[in-house]
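Peer 1: sequence unknown, structure follows:
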């Protein structure tokens, strides 16, 4: 497969995300939901394990659980000193491919002691075999080879699992219309956004509860068009990334919602940087990509990263022309 073909397949995968998400929600919210097969979940601790996009997706679910008083953590499966297995632990191992070596190893380490739930697009592969229960992503083929559909589906499954653990409904259905809106309006905002961001570096910034969005967005820009991109939490940005604004041409994608947004924008404006806001307008931002439901934390978590994915697909295609 040539680079041009891969870039176009990645674009097609991104455009397929709304329909893919709708299929997944129909399956998980219907009478035959894979969640129903889990039965009663008893655990003092919920430990999410993954690497790359899989770990990013888990950050959102762990944050939701902690906000409701549940002991929840996310661990890289590459960690040399991991948390030990325990009968009181629910180990949720995440790998879209179902064969990520570090993640399969983590599942096998917990098997027989912790309860192991695998979240994967390929239940028949080693990760599924090492788990007590499997939650399928139902994302279909990802022809571009970049984790975009599977990332969004993993987010949805993990958020629904968090809701089941909490014993409360998690309403994700409005995210489908939001995702459709972003895809349908890309012709209006993609060009101006690309002009604003240029060829990188680009920094993605999000509040802690949606840090997954910044991490995934930066990865899409690195993995697709291969431009330098990084991620930072909004409040922490004021202590660690603010120094980058001293260089001319600072560019950021901001996922609003932090109480530190205004302070961040003040620094960037004073130093001549530019910001693309995703979800709603932000005072001082040069451009905003809006969509319905942006004020709903879970909707935003599910659909804001496709903005960066659409931009990454276009940057990638342009770089190969």
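Peer 2: Structure received. All values reported here derive from a predicted model rather than from experimental measurement. Numbering: from 1, shown residues only.

Peer 1: Mind checking the pLDDT average for stretch 68-81?
Peer 2: Here stretch 68-81 scores 97 as its mean pLDDT.

Peer 1: Spatially nearest residue to residue 168 (excluding sequence neighbours)?
Peer 2: Closest residue to residue 168 apart from its sequence neighbours, by Cβ to Cβ, 6 or more residues apart in numbering: residue 68 at 8.0 Å. (C-beta placed from N, C-alpha, C; glycine too.)

Peer 1: Look up how far residue 28 lies from the one you found.
Peer 2: Residue 68 sits at a distance of 20 Å from residue 28 (criterion: Cβ to Cβ, to the nearest Å).

Peer 1: and what of residue 187?
Peer 2: In terms of Cβ to Cβ, residue 187 sits 31 Å off from residue 28.

Peer 1: got the phi/psi numbers for residue 248?
Peer 2: phi -60, psi 150 (degrees, to the nearest 10).

Peer 1: Then residue 172?
Peer 2: Torsion angles, degrees, to the nearest 10, at residue 172: phi -110, psi -10.

Peer 1: Next up, the contacts around it.
Peer 2: 25, 156, 159-160, 298-299, 302 (Cβ atoms under 8 Å, 6 or more residues apart in numbering).

Peer 1: May I ask which two of those residues are separated the most?
Peer 2: Spatially, the most separated pair among those is 160 and 299, at 13.8 Å (Cβ to Cβ).

Peer 1: Can you name the element that comes right after the lengthiest helix in the chain?
Peer 2: Looking across the chain with DSSP state H, the single longest helix is helix 149-166. Scanning forward in sequence from helix 149-166 by DSSP states H and E, the next helix or strand is helix 174-184.

Peer 1: Beyond that following helix, next helix or strand please.
Peer 2: The helix or strand immediately downstream of helix 174-184 is helix 186-197, counting by DSSP H and E.

Peer 1: which helices and strands sit right next to that following helix?
Peer 2: Counting contacts by 3 or more Cβ pairs under 8 Å, 6 or more residues apart in numbering; DSSP states H and E, helix 186-197 packs against strand 251-254, strand 274-279, strand 287-290, helix 305-320.

Peer 1: how many other residues sit next to residue 112?
Peer 2: Neighbours of residue 112 under the rule other Cβ atoms under 10 Å: 10.

Peer 1: out of residue 187 and residue 28, which sits in the more crowded spot?
Peer 2: Higher neighbour count among residue 187 and residue 28: residue 28, with 23 against 8, using other Cβ under 10 Å.

Peer 1: right, and the more buried one touches residue 159 too?
Peer 2: No - Residue 28 is beyond contact range of residue 159, at 10.1 Å (criterion: Cβ atoms under 8 Å).

Peer 1: Can I take it that residue 82 is in a strand?
Peer 2: No - per DSSP: H, G, I helix; E, B strand; the rest coil, residue 82 lies outside any strand segment and is coil.

Peer 1: Look up the closest residue to it, ignoring the ones flanking it.
Peer 2: residue 75 is the one closest to residue 82 (Cβ to Cβ, 6+ apart), at 5.9 Å.
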